[in-house]
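Participant: Build me a structure from this.
(one chain, ligands or ions: 1)
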Amino acid sequence: MKTEKVEVLPYQKSWSEDFKKISEEIYEVLGELLLAIEHVGSTAVVGLSAKPIIDIDLVVSDERDLKEAISKLERAGYQHEGDLGIPGRHAFAYQGKEHLQTHHLYLLCQNADELRRHKAFRDFLRHHPKEVLEYSKVKEIAAKAYLDDIESYMKAKSDIIEKIYKEIDKMSENTVVDITIIGGGPVGLWTAFYAGLRGMKVKIIESLSELGGQPAVLYPEKKIYDIPAYPVITGAELTENLVEQLKRFEATTEICLKEEVLTFEKNEDIFTIETSKGQHQSKSIIIACGNGAFSPRQIGLDNEDEFADNNLFYNVHKLDQFAGKKVVIAGGGDSAVDWANHLDGIAESVTLIHRRDAFRAHEHSVEELKASNVNILTPYVPLELTGDNGFAKSLKVQKVKSEETLDLEVDALIVSFGFSTNNKNLKNWNVDYKRSSIHVSPRFETSLEGVYAVGDAADYDGKVDLIATGFGEAPTAVNQAINYIYPDSDNRAVHSTSLIDE
Ligand SMILES: Cc1cc2nc3c(=O)[nH]c(=O)nc-3n(C[C@H](O)[C@H](O)[C@H](O)COP(=O)(O)OP(=O)(O)OC[C@H]3O[C@@H](n4cnc5c(N)ncnc54)[C@H](O)[C@@H]3O)c2cc1C
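Facilitator: Purely as a prediction, here's the structure:
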């Protein structure tokens, strides 16, 4: 499948669209067999000059799925070419796909070394603009020198590729943490604190753009009465306190937000964790993923991600951040109505749009809303969001069953459609589990050595899904993880006063 003519172009924005188009067709063919479709190679790196060929890695779970995927791809017009000398990577040729940009299609199992290499290379370049420039230059010069000689072109760029891989190896040696915690809910945050207290280098990986899990996302205003030493505390206050408490160890705790853990695998005592953004390395893992990864239900407009977390929000923490602003809220449930009521008088203006005339909120909140200055637009649906430099400026809405549209000026847009959870990743983690709960031993060990589970994610006889339960589990799990990483460590209970020097 090697191309003979060498053509290197400056980075084209259209490559990302081309990738999407090809992916959509492939998804039609392979559907649920696919764990991921990865855009790899140079066209996947913004700013990098490349041959205009989209490299795609199709990722499946295991050899059985791989066989099924090969026969489905063959039925869809792709010819299986075998591994072409790279073990674990299946290449495909094709004819008659002129409607798609030229592409190289590879099929790999999730644990294939070649997949790891491709992603590491791409992710490194995505975060290193200097190397992108350098690599672009090398390619452009080599392409001019060896227009008809692909072998010499490949040879000319081999040194810089080797240099980049060396950098990647060096980085991963320096960045292996002791404990990676999957999930930044209350139990994950407390686990990170306790691991910090025991001197561990810690990483939290959380799928949302905020920490706090269920109390922060599902019931920030609700009063909680069963947290020890707090007669009463709201979900938002509990989150704030846990984050504040963890700050003591901020030098040794890395927090990765908007990143979902997909798979992990152990190689020579080090776990490589694959996420929606890249890879991490860790000596042990504590799963604190609750009922699964949260993601906000989006408003469903094309360019929504461009504005998210700039002035488009899915959750509200501090009302005063909206002071003096024109706020538009989309939604019809309790949160949407409560936020509209709370912001009336703080924001310059508040407009609430909902696709039905009736709200699904407490009666007294709806009464309060109707008596307020909030501009209520029902039944309206969002149609188009426009803005620049990552900030939304205007939202076009359309009246249901009519052609009537309105343009709303937007300083801040709050999308209050709730959150969904998914625990589909659990099946790829090689731990014993049932539904969304992982079986653990009395030491919170899972069936995979070096991997522990706590909080709502952990299941054992008599388990009660409460925050206090998870808080109690964390110190034991952390101690076990330390003992696993450093077998000579003293595993007796240590009191915090002897660990903190003030
Ligand atoms: C309405 C309601 C009221 C409640 N009231 C109380 C109460 O009064 N008292 C009480 O003790 N408990 C209460 N609970 C239960 C309590 O909220 C849970 O027991 C607690 O949140 C469990 O904490 P956790 O950290 O284990 O999980 P979660 O709070 O669920 O946090 C898990 C985090 O992990 C993240 N995550 C999951 N998978 C991934 C992944 N693959 N990659 C990256 N991130 C991931 C999620 O996005 C989430 O942020 C209530 C629950 C609900 C729904």
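
Participant: secondary structure element for Ile482?
Facilitator: helix 467-485 (DSSP states H and E).

Participant: Report all helices and strands that that helix contacts.
Facilitator: strand 177-182, helix 186-197, strand 279-287, strand 451-453 (3 or more Cβ pairs under 8 Å, 6 or more residues apart in numbering; DSSP states H and E). Where C-beta positions appear, they are placed from N, C-alpha and C, glycine not excepted.

Participant: The ligand contacts on the protein?
Facilitator: 182-188, 205-208, 213-215, 218-219, 224, 226, 260-261, 288-294, 425, 455-457, 465-468, 470 (Cβ under 6 Å from any ligand atom).

Participant: What about the closest residue to the ligand within the stretch 51-200 of the chain, how many residues nearby?
Facilitator: The ligand sits closest to Gly185 of the stretch 51-200 of the chain, with a gap of 2.1 Å, by Cβ to the nearest ligand atom. Residues near Gly185, counting by other Cβ atoms under 10 Å, number 31.

Participant: Please name the nearest non-neighbouring residue to it.
Facilitator: Gly213 (2.2 Å; Cβ to Cβ, 6 or more residues apart in numbering).

Participant: got the residue ranges for the helices in the stretch 301-450 of the chain?
Facilitator: 304-307, 334-343, 363-371 (DSSP state H, counting those that start in this stretch).

Participant: Which residues are in contact with the most centrally placed residue in the chain?
Facilitator: Using Cα atoms, centre = their mean, the residue of the chain that lies closest to the mean C-alpha position is Glu259, 2.5 Å off. Taking Cβ atoms under 8 Å, 6 or more residues apart in numbering, we find Glu259 in contact with Ile205, Glu206, Ser207, Thr275, Ser276, Lys277.

Participant: Not counting its neighbours along the chain, what's nearest Ser14?
Facilitator: Using Cβ to Cβ, 6+ apart, the nearest residue to Ser14 is Gln101, at 7.9 Å.

Participant: next one: Asn373
Facilitator: Spatial nearest neighbour of Asn373, excluding adjacent residues (Cβ to Cβ, 6+ apart): Asp344 at 5.4 Å.

Participant: For the one you found, the count of nearby residues, please.
Facilitator: 19.

Participant: separation between it and the ligand?
Facilitator: As judged by Cβ to the nearest ligand atom, to the nearest Å, Asp344 and the ligand stand 26 Å apart.

Participant: Okay, and the beta partners of that residue?
Facilitator: Ala347 (DSSP bridges).

Participant: can I assume it is in contact with Ala371?
Facilitator: No - using Cβ atoms under 8 Å, Asp344 makes no contact with Ala371, being 9.7 Å away.

Participant: now what about the helix holding Ile482, what contacts it?
Facilitator: Residues contacting helix 467-485 (Cβ under 8 Å, 6+ apart): 178-179, 186-187, 190-191, 194-195, 198, 200, 215, 224, 226-228, 238, 283-284, 286, 288, 443-445, 449-450, 452-456, 458, 463, 489, 491, 493.

Participant: cool, stretch 100-109 as well?
Facilitator: Under Cβ under 8 Å, 6+ apart, the answer for stretch 100-109 is 1, 3, 14-15, 18, 21-22, 25-26, 41, 52-63, 65-66, 69-70, 73, 78, 88-92, 94, 114-115.

Participant: buried stuff in it?
Facilitator: Applying a neighbour-count criterion of 16 or more other Cβ atoms under 10 Å, one finds Gln101, His103, His104, Leu105, Tyr106, Leu107, Leu108, Cys109 buried in stretch 100-109.

Participant: Format those residues as CSV; extra columns: distance to Tyr314 and pLDDT.
Facilitator: Listed next are those as CSV, based on distance: Cβ to Cβ, whole Å; pLDDT from 0 to 100:
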residue, distance to Tyr314, pLDDT
Gln101, 34, 96
His103, 34, 97
His104, 37, 96
Leu105, 35, 97
Tyr106, 35, 97
Leu107, 35, 97
Leu108, 34, 94
Cys109, 35, 91
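
Participant: now the closest residue to Glu409 other than its chain neighbours: how far from Ser394?
Facilitator: Using Cβ to Cβ, 6+ apart and skipping residues adjacent in sequence, the residue nearest Glu409 is Lys326, 5.3 Å away. Between Lys326 and Ser394 the distance, using Cβ to Cβ, to the nearest Å, works out to 10 Å.

Participant: so what sits against both of these two?
Facilitator: Common neighbours of Lys326 and Ser394 (Cβ under 8 Å, 6+ apart) are Glu409, Val410.

Participant: May I ask which helix or strand of this structure has the lowest mean pLDDT?
Facilitator: Sorting the helices and strands of the chain by mean pLDDT, DSSP states H and E puts helix 158-174 at the bottom, at a mean of 85.

Participant: and it, what other elements does it pack with?
Facilitator: helix 113-126, helix 129-145.

Participant: Of these, which is nearest Glu502?
Facilitator: For those, proximity to Glu502 was assessed by Cβ to Cβ; helix 113-126 is nearest, at 39.6 Å.

Participant: Could you tell me the per-residue confidence at Lys277?
Facilitator: In this model, Lys277 is scored at 83, pLDDT.

Participant: for the one 4 residues further on, same thing?
Facilitator: Looking at Gln281, its pLDDT is 92.

Participant: That one - nearest residue in space that isn't next to it in sequence?
Facilitator: Per Cβ to Cβ, 6+ apart, closest to Gln281 is Val176, 4.4 Å.

Participant: can you count the residues close to that neighbour?
Facilitator: Neighbours of Val176 (other Cβ under 10 Å): 17.

Participant: What of the one 5 residues further on?
Facilitator: Neighbours of Ile181 under the rule other Cβ under 10 Å: 34.

Participant: for stretch 372-390, how far is the first residue from the last?
Facilitator: Using Cα to Cα, to the nearest Å, the end-to-end distance of stretch 372-390 comes to 31 Å.

Participant: Could you tell me how far that stretch lies from the centre of the chain?
Facilitator: 27 Å (Cα atoms, centre = their mean, to the nearest Å).

Participant: Same check on stretch 378-392?
Facilitator: The answer for stretch 378-392 is 24 Å, by Cα atoms, centre = their mean.

Participant: and that stretch, which residues are buried?
Facilitator: Residues of stretch 378-392 classed as buried by neighbour count (16+ other Cβ under 10 Å): Pro379, Tyr380, Pro382, Leu385, Gly387, Ala392.

Participant: Tell me the one of the residues you listed nearest Leu319?
Facilitator: Ala392 (19.3 Å).

Participant: OK, contacts around that closest one?
Facilitator: Here Ala392 is in contact with Phe307, Asn310, Asn311, Leu312, Leu385, Thr386, Val410, Leu413 (Cβ under 8 Å, 6+ apart).
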